[in-house]
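Asker: What would the 3D arrangement of this be:
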Amino acid sequence: RCPCWTSTGAQIIRAYTISPTQCNALRVRATARSKFSRAEAMYFTREALEQASGEMIARYRAERYAGLASVADLGCGIGGDTLGLAAHCGVAAVDADPLRLAMAAQNLAAYGYRERVTLIQDDVTQMQLPTAEAFFFDPARRAGGRRKFSVRDYQPPLAIVSTQRFIAIEFGYPPKELEK
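Answerer: All right, here's what the predicted structure looks like:
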């Protein structure tokens, strides 16, 4: 069991004991608060939260899409960037993981954007991409709690952008291999 503590001024007292699972959930929620203003109403897993763009970053990046009618978010995860995009236009949000897509739906609802987003469960490497004026592509750079430093390890792979014709595309993170 994991002891949890509360602080009363300078005095620390033991408040209660919870399971390791509950303790982990509290840690994830505390981390989420640093990324999302409505974290209390949102859903996460530790790894999905690590991979999600925070609200402020997503809002900043999404400003580039203002004025467009539609954007496809390829690999939306729990919806961090989808939240920013949905503030400006309609979004087709694609992810292969049904759990992350369900979390994205709830997270979008927490911000009042659920109706602006079409959620699609599919593999972006196999599907016909949705019709959109622009595409947002920020591949996962973590697996098993560890950061991936090579673009060859990203999921979905960067190769999908070379097999499609895009009007606009954004990489959420400039990998060092592409900066040269």
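Asker: Where do the helices of this structure begin and end?
Answerer: Secondary structure of the chain (DSSP state H): helices located at 20-33, 46-51, 55-62, 80-86, 98-110, 159-162, 176-179.
Asker: Of those helices, which is nearest L129?
Answerer: If you check each of the helices of the chain against L129 by Cβ to Cβ, helix 159-162 wins as the nearest, at 8.5 Å. For glycine as for every other residue, the C-beta is placed from the backbone atoms N, C-alpha and C.
Asker: How confident was the prediction at E133?
Answerer: Predicted confidence (pLDDT) for E133: 88.
Asker: Next, count neighbours for it.
Answerer: The criterion is other Cβ atoms under 10 Å. On that basis, E133 has 15 neighbouring residues.
Asker: Settle this for me: it is touching G67, isn't it.
Answerer: No: here E133 does not reach G67: they are 9.4 Å apart, not a contact under Cβ atoms under 8 Å.
Asker: residue contacts, Q121?
Answerer: The contact partners of Q121, taken as Cβ atoms under 8 Å, 6 or more residues apart in numbering, are 94-98, 101.
Asker: 6 Å instead, please
Answerer: 98, 101 (Cβ atoms under 6 Å, 6 or more residues apart in numbering).
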